[in-house]
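1. could you work out the structure for the sequence below:
(2 chains)
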Amino acid sequence: MKTSDSTTLLRPTRLVLLFVTAGLALMTVFPLLWMASSAFKGPAEVYSVNPIPADPTLENFLYVFTEVPFLRYMLNTFFVASTVTVMGLFFHSMAGYALARLNFPGRDLLFFAIFSTLLVSLPVILVPLFVLVRELGMLNSYAGLIIPAIFNAFGIFLLRQFYLGMPKELEEAARIDGCGYWRVYWNVALPLSRPILAALAVLFFLANWNSFLWPLTVTADEDLWMVQLAIASFQGQYSAAWNYIMAAATVTALPTIVLFFIFQRQLVESFKTSGIK
Amino acid sequence: MSSGPPHVEAQRKPRRQEAKPVHRGLKRKHQEWLAACLFIAPDALGLFVFLVIPMVLALGLGFFDVSGFGGFAFVGLANYKTMFSDPLFLKSLRVTVIYVGVLVPSIFVVSLVLALLVKQKLPFMGVFRSMFFLPHVVSLVVIGFVWQFMLIDGRGVVNQVLGAVGIGGRSWLGTPNLALGTVLMVSIWFLMGYYMLIFLAGLQEIPQEYYDAAKVDGAGSWTRFWYITWPLLKPTSFFVLLVSTVIAVAGLQGFDLIYVMTKGGPANSTSLGIYYIYNQAFQYNNYGYAAAMASFLILVLLVATAVMFVLTRGGRFEDV
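-> Presented below is the predicted three-dimensional model:
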């Protein structure tokens, strides 16, 4: 059977499928390629339809990093996104582990309650969340950017699914050796969940690197700006300077694209473990 | 540090462990309860404070007039009355209904087709899969700018290419009748890769033997899809419908793309509910009014979810 695959490969219908998929895939990434190409075009060339800049220049990137404190915005974003990711993974793995592996009354009810918060998205609770964060005195602070972003049911859900499928024997062995619940979690369960933690870490980091609405709502102070906010502010200031905007957009998108290509296998796996069945 | 047994890494005991001897008197069952409580506490507390309380506040705040400086005054149903006589709110509801009505089925069809395509055993399918997903890792702000740049009237690459093949240029984001369609197209392009992966995970759960057996029986590819793939994919389809509806009504793309690309214009033709709510709150400081509208949106979302549960008989999604 295996060998017949290679001969049927060149059947016309399959060839057509291959070309259709290739065409669609190219169309899908075209806007991103166009962004990157335009970032290397000078102001005179930025509207030309040349896919490859005739006179490539690094001026735009230089401008973005020298005339605007773009590096500062990127560092802010890096700090906020990594803090949220690390804290979130720690809390979610603890909660996910308990929901999957420890017995206590009301466990299923609690899981259902946590699961149902997946239906609550930021835009819906934005106004009351803003009022709450204002009352807590966290407006215009790293705490205001970080703390509300940590808590989401998605990570708890995915980790719980993972721990449900983990073999019980290792934990039992550790318990017989006299380990308490914390040590079973910390020394047995947590190391075993490294692959899913890696995938979730990438997902959380991407989501926070890309977040715009919450930073827009809680920070007015430019020193606290996250990178998406900085680009959005380009709109007013440089309304027609698309070469600068595209350079800033490329710089902002690059880390996310690189992360995706390095970790794509783990990311795809994490969707499978989500156990949507 | 401590002179315990030779398990070095086991010495990194966190605070919780130190309290353990106290629990020795507890039954094992109760120890487990206590441990579970402590494990879940940080997340449960966080979710309660930053999700449940705002959710409840969203429902309650609508009955108040909230000033920009933290004063609250009870106004009863005034905000709700204003809502249904506010033509801009009614307009934003209409826009939202069209947006959701087009986005959910489009996402479903497009991402299912993409999943079926990249599932084929053909060369480079892994690469194509990554390419379809790629837009989803880029921020919505960047995406909004890139499309805005490509769609600029006259000089944008889309209009120039269309002009070259004889199709007259259009103001994709500047014409009231076109702008929502353009935003929808960009939304689909951004979201499709994610749902493609979810469908793909669902497809890979279906045992290959079923297809092989059907092939032996002479079933064509359409028959195989209709009698094997479609029924076995139902839980995944339900999940996709549910999540994409929530995302369509209240997802971040509905705010970020509008904020960058159209600001709700032209002539409020792209003023989605969540964008209008944001504007009322943060442009005009009408927090109470904005909360009232948000609670209405929550209600719509709950009803939509409930209807979907009933229509699909739970999608058998609950026995996770």
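2. and B:Leu112, what does it touch?
-> Going by CB atoms under 8 Å, 6 or more residues apart in numbering or on different chains, B:Leu112 touches B:Phe199, B:Ser237. From N, CA and C alone the C-beta is placed, and that goes for glycine too.
3. let me fix that: A:Ala25
-> By CB under 8 Å, 6+ apart, the residues touching A:Ala25 are B:Val127, B:Phe128, B:Met131, B:Phe132.
4. how about the third one, nearest residue that isn't a chain neighbour?
-> Beyond its immediate neighbours in the sequence, the residue positioned closest to B:Met131 (CB to CB, 6 or more residues apart in numbering or on different chains) is A:Ala25, lying 4.0 Å away.
5. give me the pLDDT for that neighbour.
-> On pLDDT, A:Ala25 comes in at 95.
6. buried ones in the one helix or strand A:Glu269 maps to?
-> Counting by DSSP states H and E, the element that carries A:Glu269 is helix A:242-273. Going by neighbour count (16 or more other CB atoms under 10 Å in any protein chain shown), the buried part of helix A:242-273 is A:242-253, A:255-257, A:259-260, A:263-264, A:266-271, A:273.
7. for chain A, what helix or strand is lowest in average pLDDT?
-> Ranked by mean pLDDT, DSSP states H and E, the helix or strand of chain A with the weakest confidence is helix A:2-8, at a mean of 47.
8. and the stretch 201-320 of chain B, which residues reach chain A?
-> B:201-202, B:204-205, B:235-236, B:239, B:246-247, B:250-252, B:254-256, B:259-260, B:274, B:277-278, B:281-282, B:287, B:290-291, B:294, B:297-298, B:301, B:305, B:317, B:320 (CB under 8 Å from any CB of the partner chain).
9. neighbours of residue 37, just the number please.
-> Picked chain A for this. Counted by other CB atoms under 10 Å in any protein chain shown, the residues lying close to A:Ser37 total 18.
10. switch to chain B, that's the one I care about
-> Neighbours around B:Cys37, by other CB under 10 Å: 13.
11. close to chain A, is whichever strand or helix holds it?
-> Applying DSSP H and E as the criterion places B:Cys37 in helix B:28-47. Yes: judged by CB under 8 Å from any CB, helix B:28-47 comes into contact with chain A through B:29, B:31-33, B:35-37, B:39-40, B:42-44, B:46-47.
12. returning to that earlier point: in three-state terms, label the residue nearest to B:Met131 for me.
-> Here A:Ala25 takes the helix state, with states given by DSSP: H, G, I helix; E, B strand; the rest coil.
13. now the one 4 residues further on
-> In three-state terms, and counting by three-state DSSP, A:Val29 is helix.
14. where's the closest residue to it other than its chain neighbours relative to A:Glu269, distance?
-> Counting by CB to CB, 6+ apart, B:Met131 is the residue found nearest to A:Val29 once chain neighbours are left out, at 5.0 Å. Using CB to CB, to the nearest Å, B:Met131 is found at 19 Å from A:Glu269.
15. coming back round to it: so which of the buried residues of helix A:242-273 reach chain B?
-> Applying CB under 8 Å from any CB to the buried residues of helix A:242-273, those adjacent to chain B are A:242, A:245-246, A:249, A:252-253, A:256-257, A:259-260, A:264, A:268, A:271.
16. so what's the backbone phi/psi at the residue nearest the centre of chain A?
-> Nearest to the mean C-alpha position of chain A, by CA atoms, centre = their mean, lies A:Leu206 at 2.2 Å. Taking degrees, to the nearest 10, you get phi -60, psi -50 for the backbone angles of A:Leu206.
17. so what's the residue count around B:Ala41?
-> B:Ala41, neighbours per other CB under 10 Å, totals 14.
18. that one and B:Ile143, how far apart?
-> 38 Å.
19. same check on A:Leu109?
-> 40 Å.
20. the lengthiest helix in chain B: which residues count as buried?
-> In chain B, assigned by DSSP state H, the helix with the most residues is helix B:87-119. Neighbour-count burial for helix B:87-119 flags B:89, B:91-93, B:95-96, B:99-100, B:102-104, B:106-108, B:110-112, B:114-119 (criterion: 16+ other CB under 10 Å).
21. do stretch A:169-187 as well
-> A:Glu171, A:Ala174, A:Cys179, A:Gly180, A:Tyr181, A:Trp182, A:Arg183, A:Val184, A:Tyr185, A:Trp186, A:Asn187.
22. now do stretch A:118-133
-> By 16+ other CB under 10 Å, the buried positions in stretch A:118-133 come out as A:119-133.
23. cool, stretch A:187-207 as well?
-> A:187-190, A:192-193, A:196-207.
24. and if you look at stretch A:37-53?
-> A:Ser37, A:Ser38, A:Ala39, A:Phe40, A:Lys41, A:Glu45, A:Val46, A:Tyr47, A:Pro53.
25. check stretch B:266-282 too.
-> Those would be B:266, B:268-282, for stretch B:266-282 by 16+ other CB under 10 Å.
26. give me the subset of those lying in strands.
-> Per DSSP state E, strands hold no members of those.
27. helices of the stretch 151-300 of chain B, start to end?
-> B:157-164, B:176-205, B:208-216, B:221-224, B:230-232, B:234-250, B:253-261, B:273-282, B:287-311 (DSSP state H, counting those that start in this stretch).
28. flag the shaky bits of the chain, pLDDT-wise.
-> Chain wasn't specified; assuming chain A. A:1-10, A:236-240, A:271-277 (pLDDT under 70).
29. wrong one, chain B
-> If you take pLDDT under 70 as the line, chain B has these spans: B:1-25, B:67-70, B:312-320.
30. contacting residues around the residue nearest the centre of it?
-> Centroid-nearest residue in chain B: B:Ile247, 2.8 Å away (criterion: CA atoms, centre = their mean). Neighbouring residues of B:Ile247 by CB under 8 Å, 6+ apart: A:Ser121, B:Leu191, B:Gln253.
31. go again with 7 Å.
-> B:Leu191 (CB atoms under 7 Å, 6 or more residues apart in numbering or on different chains).
32. quick check, the residue nearest to A:Val29 in a strand?
-> No: according to three-state DSSP, B:Met131 belongs to no strand; its state is helix.
33. specify which residue of A:Leu109 and B:Ile143 has the higher count of neighbours.
-> B:Ile143 (27 against 9).
34. and the more buried one, how far is that from B:Met83?
-> With CB to CB as the criterion, B:Ile143 and B:Met83 are 31 Å apart.
35. what does the residue of the stretch 101-250 of chain B found nearest chain A show for phi and psi?
-> In the stretch 101-250 of chain B, the residue found nearest to chain A is B:Ser139; the distance is 3.6 Å by CB to the nearest CB. B:Ser139 adopts backbone torsions of phi -70, psi 150, taken as degrees, to the nearest 10.
36. what residues are up against it?
-> Neighbours of B:Ser139 in contact, by CB under 7 Å, 6+ apart: A:Asn210, A:Phe212, A:Gln228, A:Thr252, A:Ala253.
37. got the residues of the stretch 151-277 of chain A near chain B?
-> A:151, A:153, A:156, A:180-183, A:187, A:206, A:210, A:212-213, A:217, A:228, A:231-232, A:242, A:245-246, A:249, A:252-253, A:256-257, A:260, A:264, A:268, A:271-272, A:275-277 (CB under 7 Å from any CB of the partner chain).
38. lovely, talk soon.
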